[in-house]
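[1] My questions concern the predicted model and sequence given below.
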Amino acid sequence: MASPPFDTLTPEGVIQSYQRAKDSRRMWESHWNDCYDFALPLRAETTQGGMKTGDKLFDGTAPDAVDQLAASLLSNLTPPWARWVGLMPGVDVSEEDRELLAPRLEKAAALLQSHFDRSNFAVEIHQCFLDLVTVGTACLMLEESPLGESSAFRFTAVPMFDVVFESDAGGRLEGTLRRIELTRRELKQRYPDATYVTEGMGEDSVSVQGSEETRIGVIEAVLPDDKGYRYMAVAEVAPGLLNETEVLSEGRFEKSPFINFRWLKAPGEIYGRSPVMKALPDIKTANKVVELILKNASIAVTGIWQAEDDGVLNPANIKLVPGAVIPKAMGSQGLTPLSAPGRFDISGLVLEHLRTRIRASLLADKLGQVAGPKMTATEIMERSSDMARILGATYGRLQTELLTPLIDRGLSILRRRGELPAILIDGRTVDIDYKSPLARRQGQEDVGTAMGWFQALDVLGPEAYSIINAPRAARWLAKQFSVPEELLLNEEEAEIRMVESRTSGSGRSKAPDLAKLQQALLQQAPSERAAIQPSQATPPLMNPDRRKITASHLDKKPGGQPLNPFIGAKE
């Protein structure tokens with residue numbers, strides 16, 4: 001779907017693009033509503049603040065599995081208050097330049113990670129993971145915070161019913177259009193430069209329906225062009241308030257503030273598909289089975305009664321309470337119970353089979369917490385390998401559509417604020433070093449392969465150890481375990497240390513203790529007992545001493561940042 005060119009981007013063109021994209025999305029909405037109703041009722045389209053949800057829900061297997069899968073994604077991709085962002089020299093950097101560049105990139109990555117940790121990222125990304133697991137597509141908005149905030153980043157999990165996408169020729173979700181409804185006061189806060197619009201409404205022109213102020217529809221569009229991304233916010237026509245569409249704000253971005261990612265994409269489709277969609281028939285069936293079981297249980301407890309029409313017994317006057325006396329005619333049977341035809345044992349077997357299939361489809365049996373006794377190191381390695389195999393394809397897509405644009409957008413904001421130099425990730429000079437637990441499992445597999453080779457050398461005898469370059473092997477192991485470069489000696493310093501050790505006589509070469517090495521390497525495998533629950537996704541309170549970073553930045557760059565980072569943004 002083509003978006004308007006940059007030189008012809010007008011308010012009418014933005015509204016038309018939104019309507020076209022929304023019409024294309026209409027077929028997905030009924031499917032999304034079913035998924036939300038049975039797996040995540042809190043995020044349904046009709047949900048309002050304080051509204052009671054889950055009236056259609058009788059079985060809680062799917063909502064519990066969705067929570068577990070979203071928490072597993074959070075702990076394996078972006079664990080809160082743990083290092084998951086890294087930068088490293090690219091493939092075209094020489095060894096000498098790599099030793100000089102690596103510590104600087106390490107400091108830049110630490111600064112980027114600190115801004116993520118101090119922001120609301122953990123809370124909002126967890127909401128996005130819930131959308132991703134339920135409907136297969138999620139949208140995370142990364143805005144620049146005003147100066148003086150604890151973090152330069154401010155995140156928002158955009159509901160899927162509020163946003164539409166446009167894809168490019170490569171299938172990427174590059175164009176984003178979001179519709180929100182704001183009151184007059186909220187318009188003035190988000191778009192302070194659009195005073196000619198808000199003042200033109202007048203205080204008396206704002207109508208009130210009941211106790212809620214009338215809201216005005218606003219469409220925010222971020223569309224790609226040959227120079228980056230063009231931004232425009234347009235206010236829709238509101239009877240009695242706005243007689244025509246008005247431009248509230250416009251600007252340009254180097255990187256899109258909307259980060260759109262999918263679980264699985266079918267050929268020819270823009271929006272993604274989710275594991276809940278695959279398990280939806282079983283979810284609906286299990287929900288219906290539980291509903292019938294509850295009805296049957298109610299019948300079994302209260303009973304169904306029948307009585308002869310003998311002219312004496314009046315069913316309207318009968319109360320089934322302790323001590324009640326129910327009259328009956330001579331020779332009649334009075335009240336007699338009617339046996340229930342249902343069998344609880346059969347329905348229980350069907351329900352257990354359905355729940356097992358739901359848990360398997362949502363990976364709850366593979367990624368859930370371990371409830372048994374403590375696992376051995378080998379069991380941990382096997383479980384980690386199984387998890388990497390299951391989430392391999394999904395992680396590759398999330399790395400491309402979520403993590404890489406997220407890091408690019410974060411670096412763009414920090415460059416704009418002057419907190420980082422001009423670091424551009426091109427893969428040749430600077431590349432991303434993913435440090436999440438799921439990414440480190442690939443390194444664990446490489447270490448396991450190396451351990452097999454070490455054991456093969458042990459069979460050949462001590463002479464086989466002569467081909468091992470111990471310093472390079474140690475440096476390779478440090479890279480696999482994500483050891484910071486600043487903790488390692490460079491090659492010249494390591495060579496000097498080896499010469500001094502040999503001169504002092506303490507550097508005799510000896511065969512490595514493979515048993516101890518293998519035990520140490522197996523201990524590096526992350527345990528699945530550390531899986532984060534949804535209730536623990538909120539980061540702790542910020543340390544007040546960290547405001548010193550913001551204070552120094554204010555001294556270096558005076559002036560205030562507008563509340564809305566979209567206004568005139570030029571990066």
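    Sure thing, it's come through.

[2] show me what contacts the residue nearest the centre of the chain?
    The centroid of the chain falls nearest to residue 129 when counting by Cα atoms, centre = their mean (3.1 Å). Taking Cβ atoms under 8 Å, 6 or more residues apart in numbering, we find residue 129 in contact with 69, 70, 73, 74, 138. C-betas here are computed from N, CA, C, even on glycine.

[3] Export those residues to TSV and append columns for pLDDT and neighbour count.
    Shown next, in TSV, are the contacts of residue 129 (pLDDT from 0 to 100; neighbours: other Cβ atoms under 10 Å):
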residue	pLDDT	neighbour count
69	92	26
70	93	25
73	90	27
74	92	23
138	97	29
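
[4] Let's see which of those end up in strands.
    Secondary structure from DSSP state E places residue 138 of the contacts of residue 129 in strands.

[5] I'd like to know which of the contacts of residue 129 are part of helices.
    Using DSSP state H, the members of the contacts of residue 129 that fall in helices are 69, 70, 73, 74.

[6] So, low pLDDT: which residues of the protein?
    1-8, 44-52, 195-212, 310-311, 340-345, 366-385, 387-388, 442-443, 485-486, 504-571 (pLDDT under 70).

[7] next helix or strand past the helix or strand where residue 450 lies?
    Under the criterion of DSSP states H and E, residue 450 resides in helix 437-460. On the C-terminal side of helix 437-460, the closest following helix or strand by DSSP H and E is helix 470-480.

[8] name the helices or strands packed onto that following helix?
    Under the contact criterion of 3 or more Cβ pairs under 8 Å, 6 or more residues apart in numbering; DSSP states H and E, helix 470-480 touches helix 437-460, helix 491-504.

[9] ok, now with 7 Å
    helix 437-460 (3 or more Cβ pairs under 7 Å, 6 or more residues apart in numbering; DSSP states H and E).

[10] Now do the buried residues in the helix it packs on.
    437, 438, 439, 440, 441, 443, 444, 447, 450, 454, 457 (16 or more other Cβ atoms under 10 Å).

[11] How many residues are close by the closest residue to the second one other than its chain neighbours?
    For residue 438, ignoring the flanking residues on the chain, the nearest one in space by Cβ to Cβ, 6 or more residues apart in numbering is residue 76 at 4.2 Å. By the criterion of other Cβ atoms under 10 Å, residue 76 has 25 neighbours.

[12] what sits against residue 76?
    Neighbour list for residue 76: 436, 437, 438 [criterion: Cβ atoms under 7 Å, 6 or more residues apart in numbering].

[13] So what does the first one have for phi and psi?
    Think residue 436. phi -70, psi 160 (degrees, to the nearest 10).

[14] What distance do you get for it to residue 139?
    21 Å (Cβ to Cβ, to the nearest Å).

[15] Then residue 93?
    Residue 93 is 35 Å from residue 139, by Cβ to Cβ.

[16] Which of the two has more residues huddled nearby?
    Taking other Cβ under 10 Å, residue 93 and residue 139 do not tie; residue 139 has more neighbours (23 against 18).

[17] Could you measure from the more buried one over to residue 159?
    8 Å.

[18] Please, where are all the helices along the stretch 1-150 of the chain?
    Using DSSP state H, counting those that start in this stretch, the helices of the stretch 1-150 of the chain run over 11-39, 61-77, 95-118, 121-135.

[19] what about the ones you listed, which gets the closest to residue 277?
    Proximity to residue 277, assessed across the helices of the stretch 1-150 of the chain by Cβ to Cβ, is greatest for helix 11-39 (6.2 Å).

[20] Mind listing residues that contact stretch 277-287?
    Applying Cβ under 7 Å, 6+ apart, the set of residues contacting stretch 277-287 is 31, 34-35, 38-39, 57-59, 61-62, 136, 351, 354-355, 357-358, 361-362.

[21] how close does the nearest residue to residue 476 once chain neighbours are set aside get to residue 489?
    In space, and not counting its chain neighbours, residue 476 is closest to residue 450: 8.0 Å by Cβ to Cβ, 6+ apart. From residue 450 across to residue 489, the span is 21 Å (Cβ to Cβ).

[22] Please apply the same query to residue 501.
    Distance from residue 501 to residue 489, by Cβ to Cβ: 13 Å.

[23] and what of residue 389?
    37 Å.

[24] ditto for residue 278
    In terms of Cβ to Cβ, residue 278 sits 51 Å off from residue 489.

[25] still on that earlier bit, now render the ones in helices among the contacts of residue 129 as a markdown table, adding distance to residue 222.
    Shown next, in a markdown table, are the ones in helices among the contacts of residue 129 (distance: Cβ to Cβ, whole Å):
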| residue | distance to residue 222 |
| --- | --- |
| 69 | 29 |
| 70 | 26 |
| 73 | 25 |
| 74 | 26 |
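
[26] ok, the residues you listed vs residue 169, which is closest?
    residue 73 (29.0 Å).

[27] contacting residues for the closest one?
    With Cβ under 7 Å, 6+ apart, residue 73 has these contacts: residue 129.

[28] Can you tell me how far the residue nearest to the residue nearest to the centre of the chain when sequence neighbours are not counted is from residue 126?
    Spatial nearest neighbour of residue 129, chain neighbours left out: residue 70 (4.0 Å); criterion: Cβ to Cβ, 6+ apart. Between residue 70 and residue 126 the computed distance is 6 Å (Cβ to Cβ).

[29] what does residue 305 give?
    Distance from residue 305 to residue 126, by Cβ to Cβ: 51 Å.

[30] Pick out whichever of those two has more residues nearby.
    The neighbour comparison of residue 305 against residue 126 (other Cβ under 10 Å) goes to residue 126, with 22 against 13.

[31] got the residue ranges for the strands in the stretch 251-400 of the chain?
    258-262, 304-307, 335-338 (DSSP state E, counting those that start in this stretch).

[32] which one of those is the most hemmed in?
    Among the strands of the stretch 251-400 of the chain, strand 258-262 has the highest mean neighbour count (mean count of other Cβ atoms under 10 Å), at a mean of 25.

[33] you'd agree residue 117 is up against residue 79?
    No: judged on Cβ atoms under 7 Å, residue 117 makes no contact with residue 79 at a distance of 10.5 Å.

[34] Need phi/psi at residue 226.
    Backbone phi and psi, for residue 226 under degrees, to the nearest 10, turn out to be phi -70, psi -10.

[35] could you measure it against residue 86, distance?
    Residue 226 is 31 Å from residue 86, by Cβ to Cβ.

[36] Comparing these two, which shows the higher neighbour count?
    For residue 226 versus residue 86, the count of surrounding residues by other Cβ under 10 Å is larger for residue 86: 22 against 6.

[37] what's the closest non-adjacent residue to that one?
    Going by Cβ to Cβ, 6+ apart, residue 86 has residue 433 as its nearest residue, at 3.3 Å.

[38] who's in contact with the one you found?
    Counted by Cβ under 7 Å, 6+ apart, residue 433 has contacts 86, 87, 88.

[39] Okay, and which of those map to strands?
    Short answer: the contacts of residue 433 in strands (DSSP E) are 87, 88.

[40] could you dump the contacts of residue 433 to CSV with distance to residue 20?
    Listed next are these as CSV, based on distance: Cβ to Cβ, whole Å:
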residue, distance to residue 20
86, 40
87, 39
88, 42
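
[41] Could you list the alpha-carbon positions for stretch 126-142 in CSV?
    Only the C-alpha atoms of stretch 126-142 are listed here, as CSV (Å, rounded to 0.1, in the frame of the first residue of the first chain):
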residue,chain,number,x,y,z
HIS,A,126,5.5,-6.6,28.6
GLN,A,127,2.2,-5.2,27.4
CYS,A,128,3.5,-5.5,23.8
PHE,A,129,4.6,-9.1,24.4
LEU,A,130,1.0,-9.9,25.6
ASP,A,131,-0.3,-8.4,22.3
LEU,A,132,2.3,-10.3,20.3
VAL,A,133,1.4,-13.7,21.8
THR,A,134,-2.4,-13.0,21.5
VAL,A,135,-2.9,-11.4,18.1
GLY,A,136,0.6,-11.8,16.5
THR,A,137,1.4,-8.1,16.0
ALA,A,138,2.5,-5.5,18.5
CYS,A,139,3.5,-1.8,18.4
LEU,A,140,5.8,0.0,20.8
MET,A,141,6.3,3.8,20.6
LEU,A,142,9.6,5.2,21.7
